[in-house]
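A.B. asks: Got a predicted structure here, sequence first:
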Amino acid sequence: MVYLTRVEHFNAAHKLYNPNWSKEKNEEVFEGCANENWHGHNFDLYVTVKGEIDPETGFVMNLKDLSKLVKQHVLTKVDHKNLNLDVDFMQGKMASAEVLISEIWKLIIPHLPVGVQLHSLKLYETHKSFVEYFG
Ligand code: NI
C-alpha cells in the first residue's frame, strides 16, 4: 500500500458565530474569527489517497486526475467564496476548519477511481494551525 498526497490551495472568507449566543460570548470564544464583517484565510488542503501500485503506470493514482477531481468537486465550490453565505454544503453549519474538512471528505469520496481509497485530509487554516481528518 502506497500513500500519495496532492496539495491544493484556496482562499475563502468566513465568520465563526453561534447565533444562540450573545455578541460578547461569541467574541470571547471565537475572538477575531467572530468579526462581524468577515475575514479571510489562505487554506492549504492536503489530500492523501492510498492504494496499490498499478504496474502499467507505476502510480497509485495519476496526480493530474487527483488534482482535477479536487478542483472540480471542492475548489470550484469554496475558492474565493464566503463559506457562510456562498457554499451550499456549509449552510446552517459552523464555518470552522473542523466542519469544513469533514464536509470536503464527503465531496471527494464518490469520485475516486476503483481501488483507490481516501486516507486522510489535512487542512491548514493558518501556517500555525491545521486540522486532520481520517473519515
Ligand atoms: Ni477565521
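C.D. replies: Now that the structure is in, tell me what you want to look at.

A.B. asks: and residue 70, that's in a helix?
C.D. replies: Yes: the assignment for residue 70 is a helix, going by DSSP: H, G, I helix; E, B strand; the rest coil.

A.B. asks: Now residue 113. Nearest residue, chain neighbours left out?
C.D. replies: In this structure, residue 113 finds its nearest non-sequential neighbour in residue 61, 6.3 Å apart by CB to CB, 6 or more residues apart in numbering. Yep, even glycine has a C-beta here, placed from its N, CA and C like the rest.

A.B. asks: just residue 44 next, same as before
C.D. replies: Distances taken as CB to CB, 6+ apart place residue 124 nearest to residue 44, at 4.2 Å, with adjacent residues excluded.

A.B. asks: Secondary structure element holding the one you found?
C.D. replies: strand 117-126 (DSSP states H and E).

A.B. asks: Pull up the pairing partners for the helix or strand following that strand, direction included.
C.D. replies: Going down the chain from strand 117-126, the next helix or strand is strand 129-133, by DSSP H and E. Here strand 129-133 has these sheet partners by DSSP bridges: strand 117-126 (antiparallel).

A.B. asks: From the chain's centroid, how far away is the partner strand?
C.D. replies: Centre-to-centre, strand 117-126 and its host chain are 7 Å apart (CA atoms, centre = their mean, to the nearest Å).

A.B. asks: what about the strands in this protein?
C.D. replies: 2-14, 39-51, 81-82, 117-126, 129-133 (DSSP state E).

A.B. asks: between those strands, which one is nearest to residue 72?
C.D. replies: strand 2-14 (11.1 Å; CB to CB).

A.B. asks: Tell me the confidence at the residue nearest the centre of the chain?
C.D. replies: Residue closest to the average C-alpha location in the chain (CA atoms, centre = their mean): residue 101, at 4.1 Å. If you check residue 101, the pLDDT there is 98.
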